[in-house]
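>>> whatever this is, show me its structure:
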Amino acid sequence: MSKLMEERQDFVGQHTREYLATKGAKGHIVNLKDIGAPGPGYMATLLLKTIGRKSGNPLIVPLLYGFYRGDFVIVGSKGAAVEHPAWFYNLESSPEVTIQVATQYFRGPWRIVESDEEHDRIWAFMLDIYPQYAKYQEQVERRIPLVLVTPREEVDSL
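Numbering: from 1, shown residues only. Next up is the predicted model:
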């Protein structure tokens, strides 16, 4: 594993621990320049909790997000990896997920954006937030999926 990948994994782990430990008082906004990521520096993140499809264990991952017409939008880019991120596959385990956005917690259904028209519209919205997604898409053959999470109910924690 490259030194850059190790630094990014350390950063993600520290970021997640801080987000959880402070109950969102810290961690919602993160400076991606700290790990050498291209594009804008400060970005909003949420924590997504899924259940591992193989392990059955709860897993929490920080992700950049957008808020579009009442739904939280997350992008299954995994940088420009050939495969989808693990959290994307873990969605299969449950029709609902739990997310933390800053100091608030929500549970709700998720869905993959399937239609080309809706995908194009939301993709353009997400490119305004993080233009690097366009470069990721250019580097892979798969269509990078968009997932919408509808915050149906507030909950007490992840």
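
>>> ends of stretch 145-154, what's the gap?
Distance across stretch 145-154, first residue to last, is 26 Å (CA to CA, to the nearest Å).

>>> how about that stretch: buried residues?
145, 146, 147, 148, 149, 151 (16 or more other CB atoms under 10 Å). Every C-beta, even on glycine, is put in place using the N, C-alpha and C of the backbone.

>>> got the contact list for the first one?
So that's residue 145. Neighbouring residues of residue 145 by CB atoms under 8 Å, 6 or more residues apart in numbering: 75, 76, 84, 88, 112, 113.

>>> and the third one, by the same measure?
Under the criterion of CB under 8 Å, 6+ apart, the contact partners of residue 147 comprise 73, 74, 75, 76, 88, 91, 110, 111, 112, 113.

>>> quick one: classify it as helix, strand or coil.
strand (DSSP: H, G, I helix; E, B strand; the rest coil).

>>> can you give me the pLDDT of residue 31?
At residue 31, the model reports a pLDDT of 87.

>>> can you check residue 93 too?
86.
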